[in-house]
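Novice: Let me see the structure of the following:
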Amino acid sequence: MHRAISEAKDVNAYKHLLRVLGDYCKKFVATGVDELLTQAIDKGKSVIPSDKLALSIISDLLKNESVGAAVQALLNMRFSDLPIELRPVYKDGIKCRCAMWTADDVVGDKVRNLLRFDKDAKKGKWTDIDGKPVELVDMMKEEEK
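Specialist: From the prediction side, this is the model:
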């Protein structure tokens, strides 16, 4: 049952991504985003990561009232610029650091790295800057304490 709920979130985020990219392509022609839309349609929902936080980040940015702002955030926003409750943070000794997203040995710090228009997004993971896996601090859980 837990898997069905996760899949439903993946599908909803994927549908929302298609709507936002489609609207952007109508309003702003010849930007190259139409290629991303075509790739997203061809790849299906595999462009969306299955990681809970990654999915929350994408879903939250897609909710922006401005289609242009949503696409710009998806393509250009760094993890360190996200609101604190969505920021991927891990503890490194006594310090907290912003995590990176690593997929296919490519370490990235932008939301764009979560979306894999060319490959399977499900293979990514949160890492440090060197690509070593990290355990994220649940910022929502920390706030409730």
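Novice: what about the residue nearest to residue 139 when sequence neighbours are not counted, which helix or strand?
Specialist: Nearest residue to residue 139, sequence neighbours excluded (C-beta to C-beta, 6 or more residues apart in numbering): residue 85, at 5.0 Å. In short, each C-beta sits where N, CA and C put it, glycine included. Taking DSSP states H and E as the definition, one finds residue 85 inside no helix or strand.
Novice: same deal with residue 96?
Specialist: Assigned by DSSP H and E, residue 96 falls within strand 95-98.
Novice: list the buried ones in that strand?
Specialist: residue 98 (16 or more other C-beta atoms under 10 Å).
Novice: Kindly report the same for stretch 13-30.
Specialist: Neighbour-count burial for stretch 13-30 flags 13-14, 16-17, 20-22, 24-25 (criterion: 16+ other C-beta under 10 Å).
Novice: Next, the closest residue in space to residue 128 that isn't next to it in sequence: phi, psi?
Specialist: Closest residue in space to residue 128, ignoring its immediate chain neighbours: residue 134 at 5.4 Å, by C-beta to C-beta, 6+ apart. Backbone torsions of residue 134, given as degrees, to the nearest 10, read phi -130, psi 160.
Novice: Pull the contacting residues for residue 134.
Specialist: 90, 99, 126-128 (C-beta atoms under 8 Å, 6 or more residues apart in numbering).
Novice: Tell me the most packed of those residues, by neighbour count.
Specialist: Ranked by neighbour count (other C-beta atoms under 10 Å), those have residue 99 at the top, with 24 neighbours.
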